[in-house]
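Asks: Using only what follows, build the 3D model:
(4 chains)
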Protein chains: 2
Amino acid sequence: MKNLKVLIVEDSVIFSEGLRLILEQHASINKVYLAHNFNDTLDILIAASIDVIFLDLNFETSDYDGFIIAKKIKELYSDIKIIVLTQHARIYIYEKLFNECKVDAYLDKQLGAEDMFFAIEQVINNEKYVDRNISEILEIEQWLKISKREGEVILLLMDGLVQKEIAFKLNISPKTVEKHIFNLMKKFKVKNSVELITKYMRYINGNRENLAGEISFP
Amino acid sequence: MKNLKVLIVEDSVIFSEGLRLILEQHASINKVYLAHNFNDTLDILIAASIDVIFLDLNFETSDYDGFIIAKKIKELYSDIKIIVLTQHARIYIYEKLFNECKVDAYLDKQLGAEDMFFAIEQVINNEKYVDRNISEILEIEQWLKISKREGEVILLLMDGLVQKEIAFKLNISPKTVEKHIFNLMKKFKVKNSVELITKYMRYINGNRENLAGEISFP
DNA sequence: CATAAAATACGGGAATACCCCTATTGTAGC
DNA sequence: GCTACAATAGGGGTATTCCCGTATTTTATG
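Replies: Numbering: from 1, shown residues only, chains lettered A, B, ... in the order given. This is a model prediction of the structure:
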């Protein structure tokens, strides 16, 4: 746990410079590298023997994202620890990250220096780590228990498909689709599918309570 | 346009450190101060003669926000220029900022150093400034032209009220409510009210295109 | 003050959603 | 291996939404 080489993969110049500054102050950290895109990331990995990567999920381009980058890195350099930074934690992202991409930590961007150092300590000791902000959100999601099928139905519903169309797409009976939507409405304690989508999206988009309330129209 | 004193009011330590680093590199900037809350902000304003403030809108606490801070600063020190930083531009925020809070610029956080410097140049020359990313979003919103009544209807619809209930609440006929929803669906080019709400919320919550598409359920 | 746009209101019919119910099959946890 | 629960399927009735009209009043904007 010393002389660590850290790489920050993040397209916001300002955020990455700030993170670099904070990381450089830590005794265990030898050097901090920055990459603002996928190509730079791969170049740095060839040139330097990186120990830990801080990885953002969202990039300006749609050619790649944090998931793709994480998978590629773990494929090429399985020893490198990956700490994913996020703005809004989601359980489906959490699961994709740990099961599919094999990352080592999932951290809220809003957190401060100590949390970043603690995360590094954890992953260097081969521990998986999820910060407390994110754990909280994941617990709520777990509690809601949206099944795989229900998840598929709600996504198609959001795309504007009617029950019959959803049924055709999933190759099940319209009555089954109706049942799934009905069950979801009970879980979310709502009266109709419009309210279901509202609640679901508020929740997906980071639980910003009643944003709609402050809207004033022209 | 020299020896400027700049204050960054922003609760994310990492982002503000990054911004400070970038601003300090500019020849015109004398000193960069940081404040992570409202109290520190007021203290610094008393101690130093600040020229330009970079202000974030969202803070951890709900005691105050960027709007409140901006109003107070302009009330106390009307000469200080305020540049608001945002993650997701919205027209109702834009209007509140410029009409009510009298701020000087509205900037996307994702932008780089040159854009920050350009914004400073503009406000120092008494010009109001909105960056191109934000302008684009505002144009789309203007183009959509959601009327006051339509706005009220869509908010109640999101709350799970059916057309009859919305009509009662707004003291208009259910048929009129139906018409408003119908018109909104045409504006948003969607097939039903569920899809209307989905598109509307995606758009309110920052235009993250097809977030739903990447979701995979357990 | 004129003209456009928004808000108001209503009708009718087809499609869809909602809500109660039962019932079978597969599968994950104890 | 038992037990829950998810996923499947369906009946039948009522409520609501959606889509096509038309038409009057109110409110902005030039």
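Asks: how about the helices of chain A, start to end?
Replies: Per DSSP state H, chain A carries helices over the ranges A:13-24, A:38-47, A:66-76, A:91-95, A:113-124, A:132-144, A:148-158, A:163-170, A:174-187, A:193-204.
Asks: Now do the buried residues in the first one.
Replies: Burial within helix A:13-24, assessed by neighbour count using 16 or more other CB atoms under 10 Å in any protein chain shown, is assigned to A:13-23. Just so you know, the C-beta spots here come from the backbone N, C-alpha and C atoms, and that holds for glycine as well.
Asks: ok, so of those residues, who is nearest chain B?
Replies: Using CB to the nearest CB, residue A:18 comes nearest to chain B of the buried residues of helix A:13-24, at 2.7 Å.
Asks: The closest one - nearest residue in space that isn't next to it in sequence?
Replies: residue B:18 (2.7 Å; CB to CB, 6 or more residues apart in numbering or on different chains).
Asks: The helices of chain A: lowest mean pLDDT?
Replies: The stretch with the lowest mean pLDDT among the helices of chain A is helix A:132-144, at a mean of 62.
Asks: Could you tell me how many residues sit around residue A:132?
Replies: Using other CB atoms under 10 Å in any protein chain shown, residue A:132 has 9 neighbouring residues.
Asks: got the contact list for it?
Replies: By CB atoms under 8 Å, 6 or more residues apart in numbering or on different chains, the contact list for residue A:132 is empty.
Asks: what's the answer for residue A:165, then?
Replies: residue A:156.
Asks: Next one: it relative to residue A:159, how far apart?
Replies: Per CB to CB, to the nearest Å, residue A:165 is found 9 Å from residue A:159.
Asks: again with residue A:131
Replies: Using CB to CB, residue A:131 is found at 33 Å from residue A:159.
Asks: again, but for residue A:98
Replies: As judged by CB to CB, residue A:98 and residue A:159 stand 28 Å apart.
Asks: the more surrounded of the two?
Replies: residue A:159 (19 against 16).
Asks: Go ahead and confirm that one touches residue B:192.
Replies: No: taking CB atoms under 8 Å as the definition, residue A:159 is not a contact partner of residue B:192, at 10.5 Å.
Asks: Could you list the contact residues of chain A toward DNA strand C?
Replies: A:162-164, A:178-179, A:181-182, A:185, A:191-194 (CB under 7 Å from any atom of the strand).
Asks: hey, what's the residue nearest to residue A:20 when sequence neighbours are not counted bridged with?
Replies: Leaving aside its sequence neighbours, residue A:20 sits nearest to residue A:32 (CB to CB, 6+ apart; 4.6 Å). Applying DSSP bridges to residue A:32 gives these bridge partners: residue A:6.
Asks: quick one, what contacts residue A:32?
Replies: A:6-8, A:20, A:23-24.
Asks: 7 Å - rerun?
Replies: Contacts here follow CB atoms under 7 Å, 6 or more residues apart in numbering or on different chains; on that basis residue A:32 touches A:6, A:8, A:20, A:23-24.
Asks: what's the answer for residue A:18, then?
Replies: Residue A:18 is in contact with B:14-18, B:21, counting by CB under 7 Å, 6+ apart.
Asks: Spatially central residue for chain A, please.
Replies: In chain A, the centroid-proximal residue (CA atoms, centre = their mean) is residue A:93; its distance is 4.3 Å.
Asks: Skipping adjacent residues, who's closest to residue A:45 in space?
Replies: Using CB to CB, 6+ apart and skipping the chain neighbours, the partner closest in space to residue A:45 is residue A:77 (6.3 Å).
Asks: Next one, pLDDT for the one you found please.
Replies: So residue A:77 comes in at 94 (pLDDT).
Asks: And chain A, split by domain according to the record?
Replies: Per automatic domain parsing, the domain ranges recorded for chain A read A:4-140, A:145-214.
Asks: Measure how far the first one is from the centre of its chain, please.
Replies: Its chain's C-alpha centre lies 11 Å from the corresponding centre of domain A:4-140 when counted by CA atoms, centre = their mean, to the nearest Å.
Asks: can it be found next to DNA strand D?
Replies: No: applying CB under 7 Å from any atom of the strand, one finds domain A:4-140 separated from DNA strand D by no less than 14.1 Å.
Asks: likewise the shortest one?
Replies: Yes: looking at domain A:145-214 against DNA strand D by CB under 7 Å from any atom of the strand, the contacts come from A:145, A:147-150, A:167, A:170, A:172-173, A:175-176, A:179-180, A:192.
Asks: Buried among those residues? Make that a ChimeraX selection.
Replies: Buried subset of those, written as a ChimeraX selection, criterion 16+ other CB under 10 Å:
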select /A:149,150,167,170,172,179,180,192
